[in-house]
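**Student:** just a sequence and a predicted model for now, questions to come.
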Amino acid sequence: MPANPTFSDTLDGTDQTATFAPILGVVDARGSGAGWNLTVSATSFSDGAGHTLAPGTITAASAACKAGTSCTAATNAITYPLTVRAAAKFFNAAANTGLGKIDVTPTFSGSIPGNSYAGTYTSTVTLAAATGP
């Protein structure tokens, strides 16, 4: 990713949802057709003063060939929404799909209760790629 993903929201006393959708570049140049998968884990959002928010969900994910390249489209079998906590697959390319350069765009969604404390919250998100669907 070119930069750390961020999103912001202005509290107004109502429950809200904030989203962000980073573009993740995946390159499968192995030529084996073995497929691949992406996993995510995240910590709770924390303001450092004892206030936390749940890490959220992935509500959808799309994939397309990287602009200017050709690829074999990835066939994904993950069901959404997916709660983000411990490492979990959030996108996969079935066998014989996802070859070449693929841009995967997951949509992360975080719930912000109306009674949340104002502040800057951070979370550690870990992404990984592995062979096999």
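**Tutor:** Yes, it's here. In this text, all values refer to a predicted model and were calculated from it rather than measured experimentally.
**Student:** who does Asp28 bridge with?
**Tutor:** Beta-bridge pairing of Asp28, defined through DSSP bridges, involves Gly100.
**Student:** could you do Asn92 as well?
**Tutor:** With DSSP bridges as the rule, Asn92 is bridged to Asn37.
**Student:** let's have the chain start at 45 instead
**Tutor:** All right, first residue 45 from here; so that's Asn136.
**Student:** and it, how many neighbours?
**Tutor:** 21 (other Cβ atoms under 10 Å). For every residue, glycine as well, the C-beta is placed using N, CA and C.
**Student:** low-confidence stretches in the protein?
**Tutor:** The model of the chain has pLDDT under 70 over residues 45-47.
**Student:** show me where it has its strands.
**Tutor:** Per DSSP state E, the chain carries strands over the ranges 60-64, 68-72, 80-86, 89-90, 96-97, 101-109, 126-127, 132-137, 144-156, 169-175.
**Student:** residues contacting the residue most central in space within the chain?
**Tutor:** Residue closest to the average C-alpha location in the chain (Cα atoms, centre = their mean): Pro150, at 4.3 Å. Pro150 is in contact with Ala65, Pro66, Leu68, Val84, Ile102, Ala104, Ala105, Phe134, Phe135, counting by Cβ atoms under 8 Å, 6 or more residues apart in numbering.
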